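Visitor: structure for this input, please:
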Amino acid sequence: MTALDLSVCFWNYDRTMPLYDGRVPIAGCVPRISILTPEQAFDRTFVTDEFDAGELSLSYHLSALARGDARYVAIPVFPSRSFRHSTIYIRSDCGINSPQDLVGKRLGVQDYDMTAAVVVRGFLRDDYGVSAEQIAWTIGDVESLWRTEISVRRVAGVEMSTIIGRTLDSMLTNGELDGVIALRPLPSFLKGTGKVVRLFGDWRRVEQEFFRRTGFFPIMHIVGIRATLVKRYPWLPQSLYSAFVEAKRLAIGELEQPQVPKVTLPWVSAEVQSTREVMGEDFWPYGVPANRKAIERFARYHVQEGLSDREIQMNELFPTGAGDGDVKDTPALAQGFLRSG
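Guide: Sure thing, here's the model as predicted:
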């Protein structure tokens, strides 16, 4: 049997590019890889069901599982992870001096149910006693207009409104909002006038202390495979998982080389060591065992936020067994299947 033609999409992270440039093969497959921003990828997986495998929003996938209409089967590969304390921007003149001061304020966010927003509301609830119900939420485009309509999943007890034709950044500037959760630094913040600042000014220290205390490195995105393909080719999840693991290994190995910096930072290898001192040897783990607590915490957030009506269990989120333990000999596994096909 010939190798499986497989369409795949992900962003051009250092930890995925070895798949794109062919240094790491996907056993049993001939991949056709598209490099897409996460926003583009989500539109073309969750909406149009276009790719055989690719990068998925963890929050959106949990919602689909809870509804019973998930079209993709996830494997425990996490191309995007991020602490999100740095994403809360506030006006410096609206009386917000601590997270607790967000109570009664008006915050903007691109999508109420996006993974980053769920993580922010989760640590605000856990660490500072501030719940989503205590804030008025405005959903809209952050810094450039790209949507002509916005649909919102209403959550009981949470005040939400949508805005079309204006940006959240402009509303923050003119005082209609007190703060915005933004994945990228806001234009109003980058002006450096001091009128818009981060809630957590020393956000790196805060995030490192958060990790030391909780052990939680938030997962933003997972990798999913079309469910119909998993049913037809049961070896595929382990094959894809092993390829992503090897690609990440190569990427981190390149960051460790001080004589030939992989990225445009003079002390990148020292940064790797500094990160390990805080987070341990495998600071970006894949697989189920190393991520069980992180997944369970996020699943709890999702229920607390009213985005799922039940906590998704680990064997439901990752049902194939890929990543449950050590990486298996997937080339042999896949080739055995192909010969027997």
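
Visitor: helix or strand next in line after the lengthiest helix in the chain, which one?
Guide: Secondary structure of the chain per DSSP state H: the longest helix is helix 236-255. Sequence-wise, the next helix or strand downstream of helix 236-255 (DSSP states H and E) is helix 268-279.

Visitor: name the element the residue nearest the centre of the chain belongs to?
Guide: For the chain, the residue nearest the mean C-alpha position is residue 220 (1.4 Å; CA atoms, centre = their mean). Per DSSP H and E, residue 220 falls inside strand 219-226.

Visitor: that strand packs against which elements?
Guide: Here strand 219-226 touches strand 53-57, helix 58-67, strand 72-81, helix 115-128, helix 236-255, helix 292-304, going by 3 or more CB pairs under 8 Å, 6 or more residues apart in numbering; DSSP states H and E. Any C-beta I mention is one placed from the backbone N, CA and C, and that applies to glycine too.

Visitor: figure out which of the ones you listed is closest to residue 317.
Guide: Residue 317 lies closest to strand 72-81 among these, at 5.7 Å (CB to CB).

Visitor: adjacent strands (with direction) for that closest one?
Guide: Using DSSP bridges, strand 72-81 pairs in its sheet with strand 219-226 (antiparallel).

Visitor: who's in contact with the next helix-or-strand element following the partner strand?
Guide: Next helix or strand after strand 219-226 toward the C-terminus (DSSP H and E): helix 227-232. Outside helix 227-232, the residues within contact range by CB atoms under 8 Å, 6 or more residues apart in numbering are 52-53, 70-73, 236-237, 320.

Visitor: for this structure, name the helix or strand with the lowest mean pLDDT.
Guide: helix 330-340 (a mean of 43; mean pLDDT, DSSP states H and E).

Visitor: contacts only, for the residue nearest to the centre of the chain.
Guide: Going by CB under 8 Å, 6+ apart, the list of residues near residue 220 reads 57-58, 78, 80-82, 115-116, 119.

Visitor: coming back round to it: show me which pair in the contacts of helix 227-232 is furthest apart.
Guide: 70 and 236 (16.6 Å).

Visitor: and the two? Which one has more around it.
Guide: Remark: of residue 70 and residue 236, residue 236 carries more neighbours, 29 against 21, as counted by other CB atoms under 10 Å.

Visitor: retrieve the pLDDT associated with the more buried one.
Guide: pLDDT, residue 236: 98.

Visitor: that one contacts residue 4, correct?
Guide: Yes. Counting by CB atoms under 8 Å, residue 236 touches residue 4, with 7.2 Å between them.

Visitor: mind listing the shared neighbours of those two?
Guide: Joint contacts of residue 236 and residue 4 (CB under 8 Å, 6+ apart) are 28-29.

Visitor: of all the contacts of helix 227-232, which comes closest to residue 265?
Guide: The closest of those, once distances to residue 265 are taken by CB to CB, is residue 53, at 31.2 Å.

Visitor: hmm, residue 32 is touching residue 8, no?
Guide: Yes. Contact criterion CB under 8 Å: residue 32 and residue 8 qualify, at 7.0 Å.

Visitor: neighbour count: the two, which is higher?
Guide: Under the criterion of other CB under 10 Å, the comparison of residue 32 against residue 8 puts residue 8 first, with 22 against 12.

Visitor: isn't that one up against residue 52?
Guide: Yes. Shown here, residue 8 and residue 52 form a contact pair, counting by CB under 8 Å, at 6.6 Å.

Visitor: would you check how far apart residue 296 and residue 307 are?
Guide: Counting by CB to CB, to the nearest Å, the gap from residue 296 to residue 307 is 16 Å.

Visitor: most tightly surrounded among the helices and strands packed on strand 219-226?
Guide: strand 53-57 (a mean of 27; mean count of other CB atoms under 10 Å).

Visitor: listing partners with orientation, what would you give for that one?
Guide: According to DSSP bridges, strand 53-57 has these partners: strand 4-10 (parallel), strand 219-226 (antiparallel).

Visitor: turn these into CSV, columns for mean pLDDT and distance to residue 285.
Guide: As requested, those are exported to CSV (pLDDT from 0 to 100; distance: least, CB to CB, whole Å):
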stretch, mean pLDDT, distance to residue 285
strand 4-10, 97, 18
strand 219-226, 98, 10
